[in-house]
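*Asks:* sequence plus the predicted model coming up.
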Amino acid sequence: MAGALAALAGSAMAASPVLLVLGDSLSAEYGLKRGTGWVSLLEARLAQEKLSVRVVNASISGETTSGGRSRLPALLTQHQPRYVVIELGGNDALRGLPLAMTRDNLGWMTQASRQAGARVLLVGMQLPPNYGRDYGERFSELFVQVARQHQSAVVPFFLQGFASQPDAARYFQPDRIHPTEEAQPLMLATVWPEIRKLLAAR
């Protein structure tokens, strides 16, 4: 009996629409205990609100938009997501890669996801001032530009909830790049309104 119930529950979960997260270390729980990152908190929030959505976290620390672009087709085929959250681009900028390449890759991934029948949310990033004002501004703007061009949802700045606060350092690990466990609920709070809109649009 227990086995039958477990099988039934597994079947129901498999039938639930998939939300695919394609991100970098910010979504891959870098430096955190397993189960404490914002994607895990998203799963808990969905369960709390009794929303039948299965989250697949395909994030990899160090991932670039080129890496995400190369992996996305197989992920779309395997999981057939109804929703795709793309949280990539930060590593492109940290490596000084051409902005045109980042923009092209994000656009390609957004379009490919939409053509596969998924609704897309782009999660944007901003750079520290030491990268130069011009480069930083053009980088932060490209997420909104891509979203507008491909008619997808966008969160302009993933770390909006704490990065600009006077005590921002408390929310970052010693490397001053990766957010702490304490910051994860704030990250979820930043993206949740747009994710909720995607789910409501189904």
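*Replies:* Alright, I've got the coordinates.

*Asks:* just give the closest residue to the most centrally placed residue in the chain, not the sequence neighbours.
*Replies:* Nearest to the mean C-alpha position of the chain, by Cα atoms, centre = their mean, lies residue 87 at 3.5 Å. Leaving aside its chain neighbours, residue 87 sits nearest to residue 23 (3.4 Å; criterion: Cβ to Cβ, 6 or more residues apart in numbering). The C-beta positions use only the backbone N, C-alpha and C, and glycine is treated the same way.

*Asks:* my read: the one you found touches residue 85, true?
*Replies:* Yes. Under the criterion of Cβ atoms under 8 Å, residue 23 makes contact with residue 85 at 7.3 Å.

*Asks:* now the element after the helix or strand of the chain at the bottom of the mean pLDDT ranking, going C-ward?
*Replies:* None of the helices or strands of the chain scores lower by mean pLDDT, DSSP states H and E than helix 2-15, at a mean of 49. Next in sequence after helix 2-15, counting helices and strands by DSSP states H and E, comes strand 18-23.

*Asks:* show me what the mean pLDDT comes to for whichever helix or strand comes after that next one.
*Replies:* Heading C-terminal from strand 18-23, the first helix or strand you meet, by DSSP H and E, is helix 38-48. The pLDDT scores in helix 38-48 average 98.

*Asks:* and the angle for helix 38-48 with strand 18-23?
*Replies:* Calculated by axes from the mean of the first three to the mean of the last three Cα atoms, to 10 degrees, helix 38-48 forms an angle of 160 degrees with strand 18-23.
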